[in-house]
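Asks: Sequence first, predicted coordinates after that:
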Amino acid sequence: MAPPTEGPAPPSLHLRRTFDAPRELVWHAWTRPEMLIAWFGPPEWPAVHTEQDLRPGGAWRACLRSPTEDRLLWQGGIYREVVPPERLVFSFKWESDDHEDGTPVETLVTVVLTPLPDGRTQMDFTQQGLKSEQSLAGHRHGWTGTFDRLAHWLHKHGRTA
């Protein structure tokens, strides 16, 4: 008798962005709550609250609020790896069933920051374990808008933040 076959692997999101800022500033943008809240979340769901216990095993949490609807979306997880200023690995899960994904699943996010010779930073972002192709599309949209906001914030704060 043949062993049971596994289904297809859950979808993963891979995004690569280059920011016109040094790696240390991009790292601080990800790891300092007062900076994170300024850019986290897509334009249609900006963060209104963030919490971080930045250490392996420490929790993070963020609340996104729609400016056009009276709704909040909470998300959070646990840091798995914190390697300044180059690598963050954390779990990510929506806290309620009223997100477009429906019943939440825990995904794994990896952020790798690589300094470029010209002073810019390459960010490689991966989110593994997404629920469906629809979830993949939604997360791609959300993270793309979020990273557009990060690029704008980095440009505005330049090399002095």
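Replies: Thanks, I have the structure now.
Asks: C-alpha from now on. contacts and neighbour counts both.
Replies: Will do.
Asks: where do the strands sit along this structure?
Replies: Applying DSSP state E to the chain gives strands spanning 13-19, 47-52, 59-65, 72-83, 87-94, 107-115, 121-128.
Asks: The ones you listed: which one's closest to residue 33?
Replies: Across the strands of the chain, residue 33 has its closest neighbour in strand 47-52 (6.2 Å, Cα to Cα).
Asks: now the longest helix along the chain, how far from the chain's geometric center?
Replies: Secondary structure of the chain per DSSP state H: the longest helix is helix 133-157. When C-alpha coordinates are averaged (Cα atoms, centre = their mean, to the nearest Å), helix 133-157 and its chain have centres 8 Å apart.
Asks: Likewise for stretch 67-82?
Replies: 9 Å.
Asks: returning to that earlier point: other SSEs contacting the longest helix of the chain?
Replies: The contact analysis (3 or more Cα pairs under 8 Å, 6 or more residues apart in numbering; DSSP states H and E) places helix 133-157 against strand 13-19, helix 33-39.
Asks: got the angle for it vs strand 121-128?
Replies: 160 degrees (axes from the mean of the first three to the mean of the last three Cα atoms, to 10 degrees).
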